[in-house]
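Enquirer: Pasting the sequence and the predicted model now:
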Amino acid sequence: MAEQKRVTYTIDEQGIATVCLNRADKLNAIDMGMFQAVNATTRALKKDPSVRAVIVKGNGSDFCSGLDVKSILTSKTDAMKLLFKWWPFSPNGAQRFSLGWREIPAPVIFAIHGRCWGGGLQLASGGDFRIATPDASFSIMEAKWGLIPDMGGAIAFRELMRKDHTLEMAMTAKEIIGEQAKEYGLVTKIEEDPFEAAYALALECINRSPDVLAANKKLYHNTWWSSPGKALWLETWYQIKVALGKNRAIAVKRERKPDDKKDYIARQFK
């Protein structure tokens, strides 16, 4: 019997891609195959101009229970493959697992239920939005195994949480639930049906120009921690690129004639 694909995705007629972590029998725990499948998926979605928004969910009882410790840590070769990098300031395979979602020029929304622990939390933190059930649980679990979070958490957590909350979770491996995770900044919204809410948010986003979505995402990722000068320069440069694009004129027409909305053309902003 062929092994089930670790990650699957479909793109509907609206251009909304639904990505599923597909290792439900192991609570979507992350093994080498999951690392490879997620990284291949983000590369494919990044290159596909038809993708207007992305929703990521987990099949089964949990979004992702974290690292499959037995699988990864028992293979020194796999661990070295994940941690190896040619250039110290570029992401390795484990870090791309989270940071790769940032490179997709469209909104990425994580729909979370059940456990979102360890590497699963770092994965979800790489998205633009996180919508979770009230009873979803979150943990920076790595301390339990004598490790530190190393899948891009040093970037994602500092943008989402206060430093003391991050240190508390990373040092204790404590578990927090729904509303507390929202209070800490890990969760954007709490909803009973996070996928339905994620899809509704995706529809709101794709009502706007794909160039605007891509430019906003790139602008804020590139300037959130930059100098004021760099932020002002990129804001102006990206605005010029967006304003000169064909989708800008289409956006104006759509607002002036809401009953006769013309479709946007494929994303031009890069």
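Expert: Great, that's in hand.

Enquirer: Residue 26 is in contact with residue 66, correct?
Expert: No: the criterion here is CB atoms under 8 Å, and residue 66 misses it with residue 26 at 10.8 Å. For glycine as for every other residue, the C-beta is placed from the backbone atoms N, C-alpha and C.

Enquirer: what about the two, which has more around it?
Expert: A direct count of neighbours by other CB atoms under 10 Å for residue 66 and residue 26 places residue 66 higher, at 25 against 15.

Enquirer: Next, work out how far apart the more buried one and residue 141 are.
Expert: Distance, residue 66 to residue 141, using CB to CB, to the nearest Å: 5 Å.

Enquirer: which residues do those two both contact?
Expert: Common neighbours of residue 66 and residue 141, counting by CB atoms under 8 Å, 6 or more residues apart in numbering, are 117-118, 121.

Enquirer: From the residues you listed, which land in helices?
Expert: Taking DSSP state H, the ones among the shared contacts of residue 66 and residue 141 that sit in helices are residue 121.

Enquirer: So which of the shared contacts of residue 66 and residue 141 wins on neighbours?
Expert: Each of the shared contacts of residue 66 and residue 141 was scored by neighbour count (other CB under 10 Å); the top score is that of residue 121, with 30 neighbours.

Enquirer: Quick check: which ranges of this protein have low pLDDT?
Expert: 1-3, 72-76, 78-80, 84, 86 (pLDDT under 70).

Enquirer: tell me the centre residue of this structure?
Expert: By CA atoms, centre = their mean, the chain has its centre lying nearest to residue 127, at 2.1 Å.

Enquirer: Are we agreed that it is in a strand?
Expert: No: looking at residue 127 with DSSP: H, G, I helix; E, B strand; the rest coil, it is coil, so not inside a strand.

Enquirer: I figured it hits residue 103, correct?
Expert: No: under the criterion of CB under 8 Å, residue 127 is not in contact with residue 103, lying 12.0 Å apart.

Enquirer: picking that back up, now for the residue nearest to the centre of the chain: which residues touch it?
Expert: 56, 101, 108-110.

Enquirer: In the residues you listed, find the pair that's most separated.
Expert: Spanning the widest gap among the contacts of residue 127 are 101 and 109, at 10.0 Å by CB to CB.

Enquirer: ok, residue 172 - how many residues close by?
Expert: 12.

Enquirer: Kindly report the same for residue 55.
Expert: 25.

Enquirer: So it belongs to a strand, correct?
Expert: Yes: under three-state DSSP, residue 55 falls within a strand.

Enquirer: In the stretch 51-200 of the chain, what residue spans correspond to strands?
Expert: Counting by DSSP state E, counting those that start in this stretch, the stretch 51-200 of the chain has strands at residues 53-58, 108-112, 115-117, 129-132, 137-139, 175-177, 189-190.
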